[in-house]
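1. 3D model of this:
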Amino acid sequence: MNAITLYRLAHSLHRRGVPALPKTLYYANFLLFNSSIPFTAEIGEGSRFAYGGIGVVVHGAATIGRNVTLGQGITIGGRSRQTTVPKIGDDVYIGAGARILGAITVGSGSIIAPNAVVIHDVPPRSIVAGVPARVIRTDIDFDDYV
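-> From the prediction side, this is the model:
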């Protein structure tokens, strides 16, 4: 069992209108994995958390695509005075400790380096790194790196 398994069960129950149990699973996820992954977030099929999802924080309105790998200790959330949150495309790798904040889009096939702080849109098939993150390579072949 890991954080994504508990999230998927809670999300499924939430979509079916089951009361109370999704919230209980959310709290179990928090207690077991120190992760805040609300059942209202959208996480695509094939996505997975490294190291079971320890320390992952995801905003309840965030959208994460298919086949995304999320490292431990990452945050996907909003910024002060902004109502929208990140949208992550398909086939994205997010390194440990990365922060993806605000009304941004991370393009499909991109790589977010560990500990990067992403506050601007990331073009598809790009590598971003740094604080704040900037594009260091574009037009990559995702399979060559991951």
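2. can you give me the strands for this protein?
-> Counting by DSSP state E, the chain has strands at residues 42-43, 48-49, 57-58, 63-64, 69-70, 75-77, 87-88, 93-94, 99-101, 105-106, 111-112, 117-118, 127-129, 134-137.
3. the third one - what's its average pLDDT?
-> Strand 57-58 shows a mean pLDDT of 96 in the predicted model.
4. same for that strand, what does it pack against?
-> Judged by 3 or more C-beta pairs under 8 Å, 6 or more residues apart in numbering; DSSP states H and E, the packing partners of strand 57-58 are strand 75-77. Quick note: C-beta positions are derived from backbone N, CA and C, even for glycine.
5. same check, this time on the fourth one
-> Using 3+ C-beta pairs under 8 Å, 6+ apart as the contact test, the elements touching strand 63-64 are strand 42-43, strand 87-88.
6. most tightly packed of the strands of the chain?
-> Comparing the strands of the chain by mean neighbour count (mean count of other C-beta atoms under 10 Å), strand 111-112 comes out on top with a mean of 25.
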